[in-house]
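**Student:** Build the 3D model from these lines:
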Amino acid sequence: TNVPVHIAHVSTSVSVDMIREAKKKNVSVTAETCPHYFTLTDEMCRGYNTDAKVNPPLRTKRDVESIIEGLRDGTIDIIVTDHAPHHPDEKNVEFNSAANGMVGFETAFPLAYTYLVKPGHLSLPDLVNKMTLKPSQILGLGRGTIEVGKPADITVIDTESEYEIDISKFRSKSHNSPFNGFKVFGKICHVAVNGKFIIKDGESL
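**Tutor:** Just a heads-up that it's a prediction; the model follows:
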């Protein structure tokens, strides 16, 4: 139909293969994935860990490897947070009854940097493009660049700073995340939105 289609939350190797083939046929398709799909497997759900219950669900190691390859070769265009906050009452229940999703704002960049850039799957400019400029281009937002006259949305990151994720220190009102205790690189130092700092030296203003 020549209508652009965007595929959200790609999580399986089959999906990556189908999107890759569609792009080879010049189908107007773009796709995104989330940090948990290139960092975690379904093993994280052992013990009925509801913080690892997401939709679509976590997959196998082979799927994770395919997601990474899809990001590397451009099949998957962008990386999104899939930020899904939930009250503890929605997660502290039987696995089948628990809400889907995890918070993603605080962990998206450090996970992507640690699992994609550090091992050499993506360059830092490639990662920045997939998290800023490319999403803006797909949605026609006119953002994602540092230019005169453009919104000054800027994040300053210490890429050599290693730290341990501590969900108790999240600024989100919700703390539902399976990444507690994970060691990552990429500490957020300063954040400006529309030219106004909202975080300085790692602290909210």
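**Student:** can you tell me the helix or strand for residue 148?
**Tutor:** Using DSSP states H and E, residue 148 falls within no helix or strand.
**Student:** what about residue 161, which helix or strand?
**Tutor:** Here residue 161 sits within strand 154-164, counting by DSSP H and E.
**Student:** actually residue 31, not the one I wrote
**Tutor:** strand 29-33.
**Student:** What are the boundaries of the helices in the protein?
**Tutor:** Ranges of helices within the chain are 13-24, 61-72, 88-91, 108-112, 124-128, 134-139, based on DSSP state H.
**Student:** Contacts for the shortest one, please.
**Tutor:** To tie it back to what came earlier, the one meant is helix 88-91. 50, 51, 53, 98, 99, 175, 176 (Cβ atoms under 8 Å, 6 or more residues apart in numbering). For glycine as for every other residue, the C-beta is placed from the backbone atoms N, C-alpha and C.
**Student:** Just the CA trace of that helix, in CSV.
**Tutor:** C-alpha atoms of helix 88-91 as CSV (Å, rounded to 0.1, in the frame of the first residue of the first chain):
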residue,chain,number,x,y,z
PRO,A,88,4.1,-2.2,44.0
ASP,A,89,0.5,-3.6,44.4
GLU,A,90,0.4,-4.3,40.7
LYS,A,91,3.6,-6.3,40.8
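**Student:** Check the offset of that helix from the chain's centre.
**Tutor:** In this view, helix 88-91 has its centroid 22 Å away from the chain centroid, taken as Cα atoms, centre = their mean, to the nearest Å.
**Student:** what's the answer for the last one, then?
**Tutor:** Average the C-alpha atoms of helix 134-139, do the same for its chain, and the two points are 15 Å apart (Cα atoms, centre = their mean).
**Student:** May I see the buried residues of that helix?
**Tutor:** Using 16 or more other Cβ atoms under 10 Å as the test for burial, helix 134-139 gives 134, 135, 137.
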